[in-house]
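> I'll drop the sequence and a predicted model, then ask my questions.
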Amino acid sequence: MPLHDRILGHFQASAQTKLDAAGTLAPHIEQAARLMVHSLTQGGKILACGNGGSAADAQNFASTMINRFEQERPGLAAIALTTDPSTLTSIANDYAYDQVFARQVKALGQPGDILLAISTSGDSPSVLQAVAAAHARNIDIIALTGRRGGALAEQLQDGDVFLCVPAESTARIQEVHLLTIHCLCDAVDSILLGAEE
């Protein structure tokens, strides 16, 4: 296949995956945004975690909350649990890598906070441990995953929100994850700034 056609194929597959996911995800994204707004307006914060590309998504989300998305507004309380190499490496060294987020949730999380748990497969041990730690502290979960949700889907409880991209390709799932994060940020702003009709 010519490289030009291969590149066009990626664009077409990405667009189609987003269109296929829109109807499934939209009501759950709205539910997640309302849960976030409720937490934030009650003095809570949003903790976000993931590995690899999902770590980048967690950081993108937290930075957008703290700074701004597309409208001017006060900063919103969010922490990416992926950004402190000293903390991450000390936990991985002294305990195990699967504890790198869970120990931070135990130290920083409070009832009424939210954990945005991002895992393309839904099977990341460090994310699963973070979810267990969050549940133990009465922290609701917004799970952003793909395929069929993996073990993460099985861990969710009443009050949690399941955002699962119905796709198999890691690249396509991650592309929809970024769009979902942008939708969450826009929805939170719309609610907080009174733009929702």
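Sure, I can see it. Numbering: from 1, shown residues only.

> longest strand anywhere in this structure?
Counting by DSSP state E, the longest strand found in the chain is strand 140-146.

> tell me what whichever helix or strand comes after it is packed against?
The helix or strand immediately downstream of strand 140-146 is helix 150-155, counting by DSSP states H and E. Packing partners of helix 150-155 (3 or more CB pairs under 8 Å, 6 or more residues apart in numbering; DSSP states H and E): helix 125-136, strand 140-146. (C-beta placed from N, C-alpha, C; glycine too.)

> my read is that residue 127 contacts residue 116, right?
No: the criterion here is CB atoms under 8 Å, and residue 127 misses it with residue 116 at 10.3 Å.

> which of the two has more neighbours?
Shown here are residue 127 and residue 116; by other CB atoms under 10 Å, residue 127 has more neighbours (32 against 27).

> measure that one to residue 69 for me?
To residue 69, residue 127 is 24 Å away according to CB to CB, to the nearest Å.

> over to residue 25?
Counting by CB to CB, the gap from residue 25 to residue 69 is 18 Å.

> the more surrounded of these two?
Using other CB under 10 Å as the criterion, residue 25 and residue 69 rank with residue 25 on top: 22 against 18.

> let me know the pLDDT of that one.
If you check residue 25, the pLDDT there is 97.

> what's the answer for residue 98, then?
pLDDT, residue 98: 97.
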